[in-house]
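Colleague: Quick check, what structure comes out for this input:
(chains A and B)
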Amino acid sequence: MTDTLFYVFAAITLISALLMVVSPNAVNGAICMIICFVTTAALFVLLEAYFLAVIQVLVYAGAVMVLFLFIIMLLDVNKDTSDLLKDKMTLGASITGFTLLVILTLSVFAGGQHLPETALLPVMENPTGEGVGIPFTTSAKSFGYSLFTKYMLPFQVTGFLLLAAMIGVIVVSKKHSENS
Amino acid sequence: MNELLIEFLGGFTKTNQWSTILPEIMLGVLALALLGAEMALPKNKQTLIPRLAIWGQVIVLLFVIACIGWCNVGESEYFSGLIIQNDMTQIMRAFFLVSSIVVCYFGQIYLSKQSLPKTEFYALVLIIAAAMMLLVQSANFVMLFVALETVTVAFYVLVAYSRSSQFSLESGLKYLILGALSSGILLFGIVLLYGIAGSPELMGSSRDSLNYNELANFITLNTNNPIGVDNMIVKIGALLVVAGICFKIGAVPFQIWVPDVYQGAPTPVTAYLAVASKAAGFIVLIQLLHGPFISLKEFLVPVLSVIAVATILFGNVAAVTQRNVKRLMGLSGIAHAGYLLVGVIASLYVPWAVYAVIFYLVTYLLASFAVFGVMSLAADADDANQELDHYENFARKRPFLGGILVCGLGSLAGIPPLGGFIGKLFLFVAAFQAGLYGLLGISVLGVVISIYYYFAWIRECYFSAPSSAVVEDASGGTTLGDRILLGALIVATVVIGLLPAALPIIR
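Modeller: Take a look at the predicted model:
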């Protein structure tokens, strides 16, 4: 069952990724990208990384894609449907991408036996090294434990980071009216 | 299980002593209070906001100075090792507060000439100050990155703050793209270090491998040990982290953004970038080189030496032909970053060189702020295009500002009675003691070149042909506050130059 699901989702991911790259229409490309993100999230679920799957859907398929669609609509990219391999840039990018793909395939299939095959060590979320520690899981709870104890300070500072970004958006985008 | 869990998690929170970062919290609260005050206050009372920002920071500054005086922190660790406080970080806290107070004051001058939102400027300056104070105290890459991003994101906004000016928007965009690139480089380096030091198969691996101390142990074990693994990944990671920091301090080859951003940004923001942001970068670099990367000294020193030489030569040579004063300050700032890098390299051999670097940063703060203050006051509404020609006969038109400008430039050039000379002297003595003769020679050469362009500016002020009618510039006079602040900066420069011991960092 899990295997079948994996193959189904992996196939959809690959096909939609390919369609996204070759699609001449930018909006279609963006939709294919969303499908690719969602099926990747499904693969995360199969790996029992539920938290990562949720984040993938929320952040990538949600926020990032909405941004992309906005930009596509605002800039109206649709008009100039360019030929593939038209310019040297596309050619160079394709060659580089293809080379990387070959290297990856070779290293996975040919170089695989050289990698040391070790059993995964049991990982405990216990950075202090004292006491019992709690088992590390991929559930959202585990992230919450660290976030609200050990990493409380960076977590709070991140709040100010977002505040600064928000103020920035308002300052730069809003027209200031001097009515004093 | 539940009690066990709570007890375990309580172990982390035990060291979360929020009172130790009270100044930062006060600044954050003050920033929020300013935003609230803008909504609450009626239109005719809005001028209270800059005063609230400045005097609030003065109170925090007094608090920090009292802390330095009363409680000797030594070296203490808080927040499960995320924060380490020592003498240096306490001094730097005061340093950042002084710079943010001065920047708020210049911001007030600048914003009075522009039709721009006012309150947000002060709120962002305060957030940056708090984040920089945390940045120099961080002892963990998570804390480092979060604090650094807070500083950088707020700076993106401040650089593009003058939204009606094309220069400002252009420089904001450039800073955003290049800053994001440098953050990416830095993060990539951090991730490589995290991954390799967290690998349980390697000697000395740690579950908390982003902690400076743990990482230092790991790197030392795997570098000085003959059976240690090939630490290529560690070297690449360290190199990428150093490259990310070099972007922030504007060292060659990551200096491309400096002239454009310095020119386009509002002058107070340029001053903030030039002084505080650069200082934060140097302190972080010192902490990294003395902390996690101490065992990579043989590998990093040649790299940094090449960067320092290129930085000094590029900054000085490029500044010679520059006519725009903001770009000139940017390029000369690159050169100063080069001298400071020499000091950082020297500090790996001579421990007291760390204090020479801080001393230099203080003299640089005083002199740069004096010059930028004059630039803020001299600029009209369009402040990106300040050419050297605008300073023709400047000293005759505005004698007080002319005098301040000459003292500030003299200190930057390193003319004897002023603080900048002593700062350079300490750096060069440190470099000499460390045996860095080549770097020392290049630095002296750089200083000689720098005198040319600093004095070209002074000549423009004092000795240009009095052909144009000398009229008192009635448009922007100086208020008593301007005179007190700029005068205080220059008096401090002179006092430090005559009595270096007046600055408590030199023992």
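
Colleague: Only C-alpha atoms from now on, for both contacts and neighbour counts.
Modeller: OK.

Colleague: Any regions of the chain where pLDDT drops low?
Modeller: No chain specified, so I'll use chain A. Within chain A, the ranges that satisfy pLDDT under 70 run A:76-86, A:111-139, A:177-180.

Colleague: please go with chain B instead
Modeller: Within chain B, the segments meeting pLDDT under 70 span B:1-2, B:71-73, B:224-230, B:381-384, B:465-477, B:502-507.

Colleague: Where do the strands of it begin and end?
Modeller: B:76-78, B:83-85 (DSSP state E).

Colleague: mind checking which of these is nearest chain A?
Modeller: With C-alpha to the nearest C-alpha, the closest approach to chain A among the strands of chain B belongs to strand B:83-85: 9.4 Å.

Colleague: who does the closest one touch, helix- and strand-wise?
Modeller: Judged by 3 or more C-alpha pairs under 8 Å, 6 or more residues apart in numbering or on different chains; DSSP states H and E, the packing partners of strand B:83-85 are strand B:76-78, helix B:119-137.

Colleague: Deepest in the core, which of the ones you listed is it.
Modeller: Each of the helices and strands packed on strand B:83-85 was scored by mean neighbour count; the highest is helix B:119-137, a mean of 27, by mean count of other C-alpha atoms under 10 Å in any protein chain shown.

Colleague: Next one: it, is it in contact with chain A?
Modeller: Yes: counting by C-alpha under 8 Å from any C-alpha of the partner chain, chain A is contacted by helix B:119-137 at B:120, B:124, B:127, B:131.

Colleague: Run the chain-centre distance for that helix.
Modeller: 12 Å (C-alpha atoms, centre = their mean, to the nearest Å).

Colleague: again with stretch B:209-224
Modeller: That offset, for stretch B:209-224, works out to 28 Å (C-alpha atoms, centre = their mean).

Colleague: before we move on, what about stretch A:44-55?
Modeller: 12 Å.

Colleague: what does stretch B:300-312 give?
Modeller: For stretch B:300-312, the distance to the chain centre is 19 Å (C-alpha atoms, centre = their mean).

Colleague: List the buried residues in it.
Modeller: B:300-301, B:304-305, B:307-312 (16 or more other C-alpha atoms under 10 Å in any protein chain shown).

Colleague: What parts of chain B come near chain A?
Modeller: Proximity of chain B to chain A, by C-alpha under 8 Å from any C-alpha, involves residues B:5, B:8-10, B:12-13, B:28, B:43-44, B:79-80, B:115-117, B:120, B:124, B:127, B:131, B:142-143, B:146-147, B:149-150, B:153-154, B:157-158, B:160-161, B:163, B:200, B:207-208.

Colleague: picking that back up, can you add distance to residue A:158 and give the strands of chain B back as TSV?
Modeller: Converted to TSV, the strands of chain B look like this (distance: least, C-alpha to C-alpha, whole Å):
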stretch	distance to residue A:158
strand B:76-78	18
strand B:83-85	16
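
Colleague: Measure how buried residue B:39 is and give me the count.
Modeller: If you count neighbours by other C-alpha atoms under 10 Å in any protein chain shown, residue B:39 ends up with 12.

Colleague: do the one 3 residues further on as well
Modeller: Around residue B:42 sit 9 other residues, with neighbours defined as other C-alpha under 10 Å.

Colleague: quick one, phi/psi of it?
Modeller: Torsion angles at residue B:42 (phi, psi; degrees, to the nearest 10) stand at phi -70, psi 160.

Colleague: now it: how far from residue B:124?
Modeller: According to C-alpha to C-alpha, to the nearest Å, residue B:42 and residue B:124 sit 22 Å apart.

Colleague: With residue B:313 instead?
Modeller: 34 Å.

Colleague: Could you do residue B:187 as well?
Modeller: Residue B:187 is 24 Å from residue B:124, by C-alpha to C-alpha.

Colleague: Over to residue B:39?
Modeller: 17 Å.

Colleague: quick revisit: same list, the buried residues of stretch B:300-312, but as CSV with distance to residue B:294 please.
Modeller: Formatted as CSV, these follow (distance: C-alpha to C-alpha, whole Å):
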residue, distance to residue B:294
B:300, 9
B:301, 10
B:304, 14
B:305, 16
B:307, 18
B:308, 19
B:309, 22
B:310, 23
B:311, 23
B:312, 24
